[in-house]
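Got a predicted structure plus its sequence, pasted below:
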Amino acid sequence: MREIVTVENLKAYYFIRFMGNQTTVRAVNGVDFKVCEGEIYGIAGESGCGKSTLLKVLFGYTKPPLRLVDGSVIYDFDSQKLNITAVDHQLLRRVRWKYISYVPQGSMNVLNPVRKVRKIFMDVVAEHTDMSKEEAFYEVEKYFEALGLPLRVLDSFPHQLSGGMRQRVTIALATILKPKVILADEPTTALDVVVQRGVIQLLKDIHDEQKCTLIIVTHDMGVHAHLSSRICVMYAGKIVEEAPSNKMFKDPLHPYTKLLINSLPSLGDRRRREGIPGAPPSLSNLPPGCPFHPRCPSARSVCMEREPALVTVERDRRVACWMVEG
Amino acid sequence: MKIVVRNLVKIFKVGSIFSLKKLTAVDNVSFDILPGEIFSLVGESGCGKTTTAKILLGLEEPTAGEIFYDETPLEDFIRDKKEFLKKVQLIQQNPFSTFNPFRKIEDYLFKTVLRFGIADSREKAEKIIDERLSIVGMSFGEVRDRYPNEFSGGQLQRISIARALLTNPSFLVADEPVSMVDASLRISIVNLFKDLRERFGISVLYITHDLSTTYYVADRIAVMFRGNIVEMGNTQEVLDNPLHPYTVLLKVSVPIPNPETSWDERVDLSTLEREEYFTKGCKFAGRCPHVKEICKRLQPPDIECGGRTVKCWLYK
Amino acid sequence: MRSEAMRKLMYSLSELWEDPKFKYSSIVLGLLIFISILSYFSPYDPYKWYLLPTNQPPSLRHILGTDGKGQDIFWVLSFSLRNSLMLAVVAAVVSRVIALLVGILSGYLGGVVDRLLMTLTDTFIVMPVFPLLLLLSSLIKNYLTPPVLGLIVGVFSWSGDARVVRSMVLSLREREFMITSKFSGMTVKEVMVGDLIPYLLPIISGGFIGSMMGAIGFEVVLSILGFVRVETPTLGSMFHWMINFQAMLLGYWWWVLTPIVTAILLFTALYTLSLSVNEYLDPRTRVQRIVVVK
């Protein structure tokens, strides 16, 4: 399998100066991973772990106060390789939407409220291709039919649609040009359960049809279970575990993953569960050693002093924990 | 405290001057909440659960129907605002907008204690506040002199719960208390509700769209759809073996954190939910896999079936 | 806690200082205010005419020269600035306070109160202030001292912002923290002061300087036309006398330029101050100020 996205030692921080105080928020603090062409790669973790920032950097969206400090993100599109972190604005514009597209968090609210949906789509298509108006019109309708979205949505304004429909429209917008890599940030959050299922279904359909690569960020492990083939779990700006999804759920290795999966209530089971004590660390004030050690039930002295590296423990699994290696 | 709701109706007028339509947000809803019970109102957005809660809290006027708090009708009970707010408290959904960013957190805590006469001096109030915060796993020292933006969502939600407990309420309305909280913290907050019920005998109205936490914590459940309660009964019974087709759809659509499971069928979503409010017969008829002719014409009655209430022609 | 607020204020001022607009406006305003304070040390009584030789060009003794009334222009200027600024501040304070009160009561209480207050507000919005002021001045010319004039201008310039405050209050009323305040047993007054005012202050202070400028403008126009007591030294009265004595035709440039330059400086300083403060307070521009450190 060809590796379409290679991330190496990525570090991206927010530099904030507020009221005379200088804070550095280490949102992405040394991340390495590879995504193979055609797979659905899931990034899991709680709020404040840096996963949304990671996705922004993958899209080349580093605006102040976010700054890339180290590392690289390399896309391998068959014909050429692209280091998104070192690319000029012009090239970035050409690449976005056609090769890499991004579905931001809270997408339901990113559609222009004063333009009809059809117009929004036509703008995107016209901007990135040389199609004439009629051709673009036809393409948009064809795409909607292919996705199973009702055509009358095209002639509505965004506020006339339900939240779930807007989300699906945004996903359609991001994928109409059949990009090779789709980055989705919390595509199902804030949606109702049944609508969520519809969105997951849509993403799966697009993936099967277009044979693209999907990178999904969400804190909802249930969504990962249904969508992602491989998952990595982030904590405090770093990856702490990476595994194929069935192995991750059946036999989590990192204490954080174990506690996380065990704290999820599931239908059919009323036995008492316990959450993870404490709270995630502030990314501007990280503890020494392993960032999880203050909350870890198996922490030992080495955990407080030195940070564990992400090592390969099996052919397709990596874990960053002193307890697992030794 | 026992809460009795009978035939509650709330109609909103929507549209412009030229096309005024009546949207029945709450359509003839009846249920009881027994003392010391965790009762869950479950449904997707737009089903009327939040409106029902607002009416119970006196934040909205009902169009019709009766509500009784321990035999006292709502209109009489709410006349003494102070007494009402002492007994009935609220926990809101979004911890980040529950508190005004310009106010210190302790401001809310002190005001709650002092204005409701729980204590008459700041020193005594501080003791009570510290004790309540300890129930939710925090202390006054963590909260002193701090503004809301210095806390995480989970912490704010816990402070919100502590604040609601300060008046020793008999009834708590929790409106989606964990939907904006991280997955790993949800269970600790939900465990809190269980403890509160055991320790203080507080009745809780737990509103949510998340079936997993409902299954875990609620004693009885009412499933709402477009203003109607379509199924109501013991939580385990209803969710282990759902009768109403909508409840089945809800249960099946919950993404279980187990990659071995998957959905066999595809789901079809309605684009404009408003239409479903205005249909004549059963509101779910448009999407129901077992729909019959009668469903499209007449709204089904509430049918008692196996210890539960189901609003569906299938069970006549 | 006080020191914390002081530190924040000091920091905000130092950040504002980086903006050239703020630098200009605070230096110019500082100078003008300094001159107005000097009026308390004036060796000459501004109400006494012909104390000095008339129409003398600037010299070491009279740095801005003397005018046709036999007064030292510099010292007359100091009184004029003091009166005009005071009038402006009175007008601004009066209009802001009324706008806040009307807007909050109307938005928060709603119902009959809202409708009454809004009818009142709309009446004031459409009222032609200038003709009314002309009418008033012809009736009570002798009582129109700068503070009284300021009060009257203030009473006529609150209506626009009252509506703005009201809409802000209407939207704030629906916020979740308002429900929390209610369930925390807060009184209506506590809610207004603690919850509403922090959000309303930026809007109100934005209009403060505008009010000041409007008031000074009115005063100048009324004075030139002779509708107020022009014996009282104000910026407008300086214009009045300068025009009346035909200083331009007679070539007394020091007398002509003083009020003109002062007016230009005053208005530009106030305007740039309001621009820079509004820009600073606007949350959208705050992000741009965040500096990326190497």
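Right, received. Where do you want to start?

Which helix or which strand is home to C:Glu85?
That one is not Glu; residue C:85 is Leu. For C:Leu85, the host element (DSSP states H and E) is helix C:73-109.

Now do the strands in chain A.
Under the criterion DSSP state E, chain A contains strands at A:3-18, A:21-36, A:40-44, A:66-77, A:80-83, A:100-103, A:181-185, A:213-217, A:230-235, A:238-244, A:311-314, A:317-319.

With mean pLDDT added, can I get those in CSV?
Below are the strands of chain A laid out as CSV (pLDDT from 0 to 100):
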stretch, mean pLDDT
strand A:3-18, 86
strand A:21-36, 88
strand A:40-44, 94
strand A:66-77, 88
strand A:80-83, 83
strand A:100-103, 90
strand A:181-185, 93
strand A:213-217, 93
strand A:230-235, 93
strand A:238-244, 93
strand A:311-314, 87
strand A:317-319, 91
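
Quick one: these as CSV, columns for mean neighbour count and distance to chain B too.
Every C-beta, even on glycine, is put in place using the N, C-alpha and C of the backbone. As requested, the strands of chain A are arranged in CSV below (neighbours: other Cβ atoms under 10 Å in any protein chain shown; distance: least, Cβ to the nearest Cβ, whole Å):
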stretch, mean neighbour count, distance to chain B
strand A:3-18, 18, 11
strand A:21-36, 19, 13
strand A:40-44, 25, 9
strand A:66-77, 18, 19
strand A:80-83, 12, 32
strand A:100-103, 23, 18
strand A:181-185, 24, 15
strand A:213-217, 25, 13
strand A:230-235, 24, 9
strand A:238-244, 24, 9
strand A:311-314, 12, 17
strand A:317-319, 21, 15
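
Pull out the buried residues from stretch C:97-107.
Within stretch C:97-107, the residues that qualify as buried are C:Ile98, C:Ala99, C:Leu100, C:Val102, C:Gly103, C:Ile104, C:Leu105, C:Ser106, C:Gly107, counting by 16 or more other Cβ atoms under 10 Å in any protein chain shown.

How about stretch C:228-243?
Quick answer for stretch C:228-243 (16+ other Cβ under 10 Å): C:228-230, C:232-242.

quick one: A:Pro158 and B:Lys21, what's the gap?
21 Å (Cβ to Cβ, to the nearest Å).

Neighbour count: those two, which is higher?
Legend: neighbour count by other Cβ atoms under 10 Å in any protein chain shown for A:Pro158 and B:Lys21, higher for A:Pro158 (21 against 12).

who's in contact with the more buried one?
By Cβ atoms under 8 Å, 6 or more residues apart in numbering or on different chains, A:Pro158 lies in contact with A:Leu111, A:Asn112, A:Pro113, A:Val117, A:Arg166, A:Val169.

residue in the stretch 51-200 of chain A nearest to chain B?
Nearest residue of the stretch 51-200 of chain A to chain B, counting by Cβ to the nearest Cβ: A:Asp192, 3.7 Å away.

so where's the stretch 1-150 of chain B uncertain?
B:16 (pLDDT under 70).

burial count for the spatially closest residue to C:Phe156 that is not a sequence neighbour?
In space, C:Phe156 comes closest to C:Val129 once its chain neighbours are excluded; the distance is 4.6 Å by Cβ to Cβ, 6 or more residues apart in numbering or on different chains. Using other Cβ under 10 Å, C:Val129 has 16 neighbouring residues.

again with B:Pro148
21.

name the element the residue lying closest to it once chain neighbours are set aside belongs to?
Nearest non-adjacent residue to B:Pro148, counting by Cβ to Cβ, 6+ apart: B:Phe99, 4.2 Å away. For B:Phe99, there is no host helix or strand (DSSP H and E).

From B:Gly153, how far off is B:Phe99?
For B:Phe99, the distance to B:Gly153 equals 12 Å [Cβ to Cβ].

neighbour count winner among the two?
Comparing B:Phe99 with B:Gly153 by other Cβ under 10 Å, the one with more neighbours is B:Phe99, at 25 against 19.

Between the buried residues of stretch C:228-243, which sits nearest chain B?
Checking these against chain B with Cβ to the nearest Cβ, the nearest one is C:Leu235 at 38.4 Å.

which residues sit in contact with the closest one?
Contact analysis of C:Leu235 by Cβ under 8 Å, 6+ apart lists C:Ser80, C:Leu81, C:Asn83, C:Ser84, C:Ile216, C:Glu219, C:Val220, C:Ser223, C:Pro259, C:Thr262, C:Ala263, C:Leu266.

same thing with B:Lys86?
B:Phe116, B:Thr167, B:Asn168, B:Pro169.

Of the contacts of C:Leu235, which is the most crowded?
Within the contacts of C:Leu235, most neighbours by other Cβ under 10 Å means C:Ser84, with 30 neighbours.

Tell me the confidence at that one?
C:Ser84 is assigned a pLDDT of 93 by the prediction.

quick one: low-confidence parts of the chain?
Went with chain A since none was named. Residues of chain A meeting the criterion pLDDT under 70: A:18-20, A:325-326.

To clarify, I was referring to chain C.
Those would be C:1-2, C:283-294, if you go by pLDDT under 70 across chain C.

Alongside chain B, which residues does it contribute?
Within chain C, the positions near chain B by Cβ under 8 Å from any Cβ of the partner chain are C:1, C:175-177, C:179-187, C:190, C:194-195, C:198-199.

what about the helices in chain B?
B:49-56, B:74-77, B:81-87, B:105-115, B:122-135, B:140-143, B:153-165, B:183-200, B:211-217, B:235-240, B:245-253, B:274-277, B:293-297 (DSSP state H).

likewise the stretch 101-250 of chain A?
Secondary structure of the stretch 101-250 of chain A by DSSP state H, counting those that start in this stretch: the helices cover A:117-128, A:133-147, A:163-175, A:193-210, A:221-227, A:245-250.

what's the most buried one of those?
helix A:221-227 (a mean of 25; mean count of other Cβ atoms under 10 Å in any protein chain shown).

residues near the residue of the stretch 51-200 of chain A closest to chain B, how many?
For A:Asp192, using other Cβ under 10 Å, the count is 22.

returning to that earlier point: name the nearest of the buried residues of stretch C:228-243 relative to A:Cys49.
Distance to A:Cys49, by Cβ to Cβ, is smallest for C:Leu235 among these, at 61.3 Å.

Nearest residue to that closest one in space, please, no chain neighbours.
Of all residues beyond its chain neighbours, the one nearest C:Leu235 is C:Ser84 (4.2 Å), with distances taken as Cβ to Cβ, 6+ apart.

so what's the one you found up against?
C:Pro146, C:Ile216, C:Glu219, C:Thr234, C:Leu235, C:Gly236, C:Leu266.
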